[in-house]
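Participant: Next input, structure requested:
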Amino acid sequence: MEPAEQRNILLALVLFAVMMVGYEILFAGPARQRQQMLRPTTPVAQQQQQTPGQTNAPLSFQLRDDIVKADIAAGKRVLVDGPAIDGSISLLGSRIDDISLKGFYDTIDAKLAQDRAQEVQLLSPAGTDRAFYAVVGWNSEGGFSTNDAVWTQTSQGQLTPENPLRLTYAGAAARIDRIITIDANYMFTISDTLSNTGSAPITLTPVVEMRQRALASHITADRLEQGAFRGVVGTYGSEKNQMKSYPDLAKSDTDKSKGVLTEVNGGWIALTTKYWMAAAIPPQGEPVTMRAGVTKANGQSTFNAGFSTSAYTVQPGQTVTKSSRIFAGAKRVAVLDNYEHDTSAPVPSFSDAVDWSWLFFITKPFFYLLQTFSGWFGSFAAAILALTVVVKTVFYPLLYLSSKSMAKMRKVQPEMKSLQERFAADPQRMRLEQANLFKREKVNPAAGCLPMLPTIFVFWALYHTLIVTLEMRHTPFFGTWIKDMSAVDPLSIFNGFGLLQQDGHPMNLSHIPVIGGFLMVGPWALLYGMTMVALQSLSAPPTDPMQKQIMRFLPLVFMVLFGGFAAGLVIYYVWSNFITVIQQYLVMRHTGVETEIDKFIKKRFGKKPPGDGPAAAAG
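Facilitator: Here you go, the predicted model:
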């Protein structure tokens, strides 16, 4: 090996190491530390956790189960049991603050065991470390509010779709009769009848608000949470797909532009993460003020999002009835679509709660195709493979043009190398001779890239669709060791492909400082590296020695990076590359160009590959 080549290889290795270590120190390492910090531990009454804007003073939290059980025993809660949710509603403020999602679990092990105790808990009472709840109340300018009032249950039994919950609040000059219903999915409807029982007019304003304790994980997501919007999202009147991220909301107390304050007619507003959402939905067509921001008190930050309507003045002996809705559940597109197109009470653009990205005109159709294929084949894994085949087939003509151009480039590579050697001391003459060569052989160097530009957007859109889709979460891949395609491949080279076990599971080495991110190269990441090598063997190699050496190490770089990606995404890319290899090889054989694969076949088996010969060359 020449000294220059040795230098180039050494430089490539150094750049690779610097990039990997930098990523580990700046991104992957801190993300794992946050996840470790936020992971449920042995129940304790006191926990300390830094949140955006708070001091280092310890915060005192109660356990959710302790609060719920004590309130139920004291008659301060009403149980909720619907087809898609369960939990309870607090009579303090009539808060919807204890909601778990049936069929969704915190871990894949809990799902396999159908452990109801580990269902995804979306809403949690105030005073817990993950407080998140909805308040529907009436406020006055004088400071009166029902948000902390104690309501009385007037109905019997728990809240179910067949049994509405009836509550009453009686104040000095007003009485509010409330009816709460739930449907078969995630929607609560709250209907209030306000009666003036005093001798003077009263003026009250309906206010609906979600409140969520700010956590470090809201501000910076780990790698598996990245790629999907997290924060406040909504439709404000005719303004669709309005977004403010959690990091922006955390600054809204000092910079009002980071929050939400707008007067509109109808719409909705929500606090959302990748898969789950709590939304406040006012009566449509009625003037409302949408609000979202952060409040900071006692060393604790709380995100809030909701709306208020116009104030209502009620004369003595008169009543007024107002209703609102609270959505608390999973962002299942079919469910959101049903609410959006409900003829009796549509929620405008509700399916946009899913982060479709700016390529929504591609990502949305992709999702619906995935949904259709999943129904046909009975598997979301099969749907991913089928959709990739469809997309690759549609774009085959562009691949053909690109590959044909690359084939021509491979043919002229020996002459280009000869020109570089002959005119190494005269770069201007070398460029002129190369231009004449391209003209004579009718080769356009850019023609290999231009036809593929549209496919870049399409395949990024498919990648994003898989990132945000709830259907991939906790979904296995054809009964293999991949039990959850939204999680990292549990097998890796460094845990002996699962031979090294910890607590009955393949040992997770990602928590090891600095090098942990490099140790999760599993079977699918290795397959991806192999398909990259195969693709490189079908492309014209760079003429620049430095570029050539760097290209050799790209498969290694991407193997390490993809080792930390969701397994479903890596599977998608492996399958996509595999199809591309087949398509591109067929094009190269059709144009009579010998590839590295052909050379390997000849060397290994001592014969020409199928299709080689005069007929293929003539094609």
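Participant: tally of neighbours for Q413?
Facilitator: Neighbour count of Q413, defined by other C-beta atoms under 10 Å: 12. Backbone N, C-alpha and C define where each C-beta goes, glycine included.
Participant: Would it be right to say that it lies in a helix?
Facilitator: Yes - counting by DSSP: H, G, I helix; E, B strand; the rest coil, one finds Q413 located in a helix.
Participant: mind checking pLDDT for it?
Facilitator: Here, the pLDDT recorded for Q413 equals 76.
Participant: Could you shift the numbering so residue one becomes 41, and keep it that way?
Facilitator: Taking 41 as the first residue, the last one we looked at is Q453.
Participant: Distance-wise, check it relative to K642.
Facilitator: 19 Å (C-beta to C-beta, to the nearest Å).
Participant: Then P386?
Facilitator: Distance from P386 to K642, counting by C-beta to C-beta: 65 Å.
Participant: Please apply the same query to T403.
Facilitator: From T403 across to K642, the span is 44 Å (C-beta to C-beta).
Participant: Who has more neighbours out of the two?
Facilitator: Neighbour tally, T403 and K642, criterion other C-beta under 10 Å: the higher count belongs to T403, 24 against 14.
Participant: May I have stretch 567-586 as PDB, with CA atoms only?
Facilitator: Only the C-alpha atoms of stretch 567-586 are listed here, as PDB (Å, rounded to 0.1, in the frame of the first residue of the first chain):
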ATOM      1  CA  LEU A 567     -27.100  -7.200   7.000                       C
ATOM      2  CA  TYR A 568     -27.400  -3.500   6.200                       C
ATOM      3  CA  GLY A 569     -23.700  -3.100   6.000                       C
ATOM      4  CA  MET A 570     -23.500  -6.100   3.600                       C
ATOM      5  CA  THR A 571     -26.100  -4.600   1.300                       C
ATOM      6  CA  MET A 572     -24.300  -1.300   1.300                       C
ATOM      7  CA  VAL A 573     -21.100  -3.100   0.200                       C
ATOM      8  CA  ALA A 574     -23.100  -4.900  -2.500                       C
ATOM      9  CA  LEU A 575     -24.500  -1.600  -3.800                       C
ATOM     10  CA  GLN A 576     -21.000   0.000  -3.800                       C
ATOM     11  CA  SER A 577     -19.800  -2.900  -5.900                       C
ATOM     12  CA  LEU A 578     -22.400  -2.000  -8.500                       C
ATOM     13  CA  SER A 579     -21.500   1.600  -8.700                       C
ATOM     14  CA  ALA A 580     -18.600   3.300 -10.400                       C
ATOM     15  CA  PRO A 581     -15.800   3.800  -7.800                       C
ATOM     16  CA  PRO A 582     -14.600   7.300  -7.100                       C
ATOM     17  CA  THR A 583     -11.600   8.300  -9.000                       C
ATOM     18  CA  ASP A 584     -10.100  10.300  -6.100                       C
ATOM     19  CA  PRO A 585      -8.100   7.900  -3.800                       C
ATOM     20  CA  MET A 586      -9.300   9.700  -0.600                       C
END
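Participant: for it, what is the average pLDDT?
Facilitator: Averaged across stretch 567-586, pLDDT comes to 80.
Participant: Now do the domain split for this structure, please.
Facilitator: Annotated domains of the chain cover 104-395, 412-527+561-658 [automatic domain parsing].
Participant: could I get those domains as CSV with distance to M547?
Facilitator: Compiled in CSV, the domains of the chain are given as follows (distance: least, C-beta to C-beta, whole Å):
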stretch, distance to M547
domain 104-395, 16
domain 412-527+561-658, 12
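Participant: Out of the ones you listed, flag the one nearest N548.
Facilitator: domain 412-527+561-658 (10.5 Å; C-beta to C-beta).
Participant: ok so, going back, return the member of the domains of the chain having the minimum mean pLDDT.
Facilitator: Sorting those by mean pLDDT places domain 412-527+561-658 lowest, at a mean of 81.
Participant: Could you pull out the helices in the stretch 91-240 of the chain for me?
Facilitator: Applying DSSP state H, counting those that start in this stretch to the stretch 91-240 of the chain gives helices spanning 104-113, 148-153.
Participant: So which residues make contact with the longest one?
Facilitator: For helix 104-113, the surrounding residues in contact (C-beta atoms under 8 Å, 6 or more residues apart in numbering) are R117, L119, S128, S130, D138, Q161, S164, P165, G167, T168, R170.
Participant: okay, now the third one: neighbour count?
Facilitator: Neighbours of S128 under the rule other C-beta under 10 Å: 25.
Participant: Next up, the contacts around it.
Facilitator: By C-beta under 8 Å, 6+ apart, the neighbours of S128 are V108, D111, I112, R117, V118, L119, V120, D138.
Participant: Before I go, just wanted to say thanks for your time.
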